[in-house]
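**Student:** Give me coordinates for this.
(chains A, B, C and D)
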2 protein chains.
Amino acid sequence: MTQPSPASSGLRPIGKLAAATGVKVPTIRFYEEIGLLPAPPRTASDRRMYDDAAERRLSFIRHARQLGFDLDSIRSLLDLSDHPDRPCAEANVIAERHLAEVKQKIAQLRALQGELSRMTAECAGGRVSACKVIEALHDHPASL
Amino acid sequence: MTQPSPASSGLRPIGKLAAATGVKVPTIRFYEEIGLLPAPPRTASDRRMYDDAAERRLSFIRHARQLGFDLDSIRSLLDLSDHPDRPCAEANVIAERHLAEVKQKIAQLRALQGELSRMTAECAGGRVSACKVIEALHDHPASL
DNA sequence: ATGCATCCTCCAGTCGCTGGAGGATCAAGC
DNA sequence: GCTTGATCCTCCAGCGACTGGAGGATGCAT
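**Tutor:** A predicted model of the protein is given here:
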């Protein structure tokens, strides 16, 4: 190292990248394996060394995962991000499709919440033979 | 067959059970493999034959799955169901734990919904270079 | 020089199924 | 009796998105 310490430049090994992005080391390797992250250069002893661009890409992936996008969608979003002159609509389609899925999931879970609340509320705490929870699971015809 | 047709008694093969309960054939075999369903008697040619008790058990499992219980919880619930003199509290603990998980998941998804709505709403539909969706994924520091 | 942290690859496991290959058997029609 | 098609059997691989461990090679700091 001849440079003093230029903060956030230069190459870092996978562990540092993991610490910087909050993505675990095996997960980073997994992303490389499935082609989400490009294979980085290696040292003579085969260690992966990442630059700032790799960190930005990985952070993008992480944010998208936190928002619940699946890896295929993220692949598309990354691809779009790499081509700034393409129309934004494609990204919007992906995001809105995901939003619709999220809304639907919320609706489903709310229905579950209702059912479960009713079941547990009715349960008086005696023997299983009189348990409303168990009973509901036996009788419950459909409603979902 | 000497009996006329006693509606819902006697043994039926796996396909009929699947049709009756709405659980797919491979899934039934899977439940047997992991010990959720007892192994049924077999015909001379190794075909599984199920009785009404098996159907009730499988329906129980299906209802519980529809309510989002994981298979381990269902195992416990089945176990309780098999022992009517045990206290109901155990079943309630399982159901309430699950209810808590569902509530938490709803909260998470609502947060996601908010983020995604904001992202897609701001997007004006030009080039990716100005896309709020892509931008949000790049910049998004935390907030989750 | 020593010792511990970090890295490497490969592989198995998680959860709850799902589906296919390759073969046996059954039930119904002719 | 024969053929046809549906159903059954076992075994095994795959999904998504990781996670973690074994077993071994480095790197870095003291």
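**Student:** what pLDDT does whichever residue of chain A sits closest to DNA strand D get?
**Tutor:** With C-beta to the nearest atom of the strand as the measure, A:D70 is the residue of chain A nearest to DNA strand D, at 2.9 Å. Every C-beta, even on glycine, is put in place using the N, C-alpha and C of the backbone. Confidence at A:D70, expressed as pLDDT, is 96.
**Student:** Then A:R86?
**Tutor:** 93.
**Student:** same deal with A:S5?
**Tutor:** 37.
**Student:** for the one 5 residues further on, same thing?
**Tutor:** A:G10 is assigned a pLDDT of 86 by the prediction.
**Student:** what does A:L36 give?
**Tutor:** pLDDT, A:L36: 96.
**Student:** For it, pull up the helix or strand it's in.
**Tutor:** Taking DSSP states H and E as the definition, one finds A:L36 inside no helix or strand.
**Student:** what sits against it?
**Tutor:** By C-beta atoms under 8 Å, 6 or more residues apart in numbering or on different chains, the residues touching A:L36 are A:61, A:71, A:74-75, A:78.
**Student:** Kindly provide the distance from it to A:E90.
**Tutor:** 18 Å (C-beta to C-beta, to the nearest Å).
**Student:** quick one, what contacts the most centrally placed residue in chain A?
**Tutor:** Nearest to the geometric centre of chain A sits A:R65, at 2.5 Å (C-alpha atoms, centre = their mean). Contact analysis of A:R65 by C-beta under 8 Å, 6+ apart lists A:I74.
**Student:** That one in helix, strand or coil?
**Tutor:** helix (DSSP: H, G, I helix; E, B strand; the rest coil).
**Student:** pLDDT wise, what is it at?
**Tutor:** A:R65 carries a pLDDT value of 96.
**Student:** interface residues of chain A facing DNA strand C?
**Tutor:** Chain A comes close to DNA strand C at residues A:13-16, A:18, A:25-26, A:29, A:42, A:46-48, as judged by C-beta under 7 Å from any atom of the strand.
**Student:** coming back round to it: now do the same contact list for the residue of chain A closest to DNA strand D.
**Tutor:** Not one residue lies near A:D70 by C-beta under 8 Å, 6+ apart.
**Student:** So it versus B:L11, what's the distance?
**Tutor:** The gap separating A:D70 from B:L11 is 43 Å, by C-beta to C-beta.
**Student:** backbone phi and psi for the spatially closest residue to A:G35 that is not a sequence neighbour, please?
**Tutor:** Nearest non-adjacent residue to A:G35, counting by C-beta to C-beta, 6 or more residues apart in numbering or on different chains: A:R75, 7.8 Å away. For A:R75, the backbone dihedrals (degrees, to the nearest 10) come out as phi -60, psi -50.
**Student:** What number of residues are in the vicinity of A:R75?
**Tutor:** By other C-beta atoms under 10 Å in any protein chain shown, the residues close to A:R75 number 16.
**Student:** swap in the one 10 residues further on?
**Tutor:** Residue crowding around A:D85 was assessed by other C-beta under 10 Å; the count is 7.
**Student:** what residues are up against the closest residue to it other than its chain neighbours?
**Tutor:** Distances taken as C-beta to C-beta, 6+ apart put B:R127 closest to A:D85, at 5.7 Å, once the chain neighbours are dropped. B:R127 sits next to A:84-88 when contact means C-beta under 8 Å, 6+ apart.
**Student:** now those as JSON lines including secondary structure and distance to A:R57?
**Tutor:** Formatted as JSON lines, the contacts of B:R127 follow (DSSP: H, G, I helix; E, B strand; the rest coil; distance: C-beta to C-beta, whole Å):
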{"residue": "A:P84", "secondary structure": "coil", "distance to A:R57": "15"}
{"residue": "A:D85", "secondary structure": "coil", "distance to A:R57": "19"}
{"residue": "A:R86", "secondary structure": "coil", "distance to A:R57": "17"}
{"residue": "A:P87", "secondary structure": "strand", "distance to A:R57": "22"}
{"residue": "A:C88", "secondary structure": "coil", "distance to A:R57": "19"}
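**Student:** Could you tell me which of these count as buried?
**Tutor:** Buried residues within those, counting neighbours by 16 or more other C-beta atoms under 10 Å in any protein chain shown: A:86, A:88.
**Student:** what about the residue lying closest to A:S76 once chain neighbours are set aside, is that helix, strand or coil?
**Tutor:** Excluding its sequence neighbours, the residue lying closest to A:S76 (C-beta to C-beta, 6+ apart) is A:I94, at 5.9 Å. For A:I94, the assignment made with three-state DSSP gives helix.
**Student:** Cool, thanks, signing off.
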